[in-house]
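1. Just the structure for this:
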Amino acid sequence: MRRLTLALSGLIGAMGVAAAAGASHGDSRNLGAIAAIGLAHGPALLALGLAGRGRLPAIAATLLAMGTIIFAGDLGMREWLGHSLFPGAAPLGGLGMIGGWLAIVLVGLAWNGPDRN
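-> Got it, this is the predicted structure:
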């Protein structure tokens, strides 16, 4: 799971940079949103992949990655094909991302590492 999380962090970060480049050449809300989402969630996944071990970090990474892919995929479909990925894709992806961040809260509260005070 750790290797997959790291690979997805790179893919999502690259997607964010590519979308930012595309958005800089035109006036696209969708590409701007994809860039922001990719550049925010790619590094979060990188941190989870590097530091997170155990079931809860894996759940957080899965929710973040899947939510980001579904949300950005839906915006990309709307941008280039004029229709959604599937009905309710953007809200489902958003819910996944929110769930991932809330799982990170739980990871932090449950942390029992060597630097805990």
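2. which helix of the chain spans the most residues?
-> helix 55-80 (DSSP state H).
3. could you say what helices and strands it packs with?
-> helix 2-24, helix 29-51, helix 89-110 (3 or more C-beta pairs under 8 Å, 6 or more residues apart in numbering; DSSP states H and E). Every C-beta, even on glycine, is put in place using the N, C-alpha and C of the backbone.
4. Does anything pack onto the shortest one? Which helices or strands?
-> Here helix 89-110 touches helix 29-51, helix 55-80, going by 3+ C-beta pairs under 8 Å, 6+ apart.
5. Please enumerate residues in contact with that helix?
-> Helix 89-110 is contacted by residues 37, 41, 44, 48, 52, 56-57, 59-75, 77, 84 when judged by C-beta atoms under 8 Å, 6 or more residues apart in numbering.
6. can we see that at 10 Å?
-> 33, 37, 40-41, 44-45, 47-48, 51-52, 54, 56-75, 77-78, 84-86, 88 (C-beta atoms under 10 Å, 6 or more residues apart in numbering).
7. any low-confidence regions in this protein?
-> 113-117 (pLDDT under 70).
8. Check the burial of the closest residue to F71 other than its chain neighbours by counting its neighbours.
-> What sits nearest to F71 in space, not counting adjacent residues and going by C-beta to C-beta, 6 or more residues apart in numbering, is G93, at 2.9 Å. Per other C-beta atoms under 10 Å, the neighbour tally for G93 reads 22.
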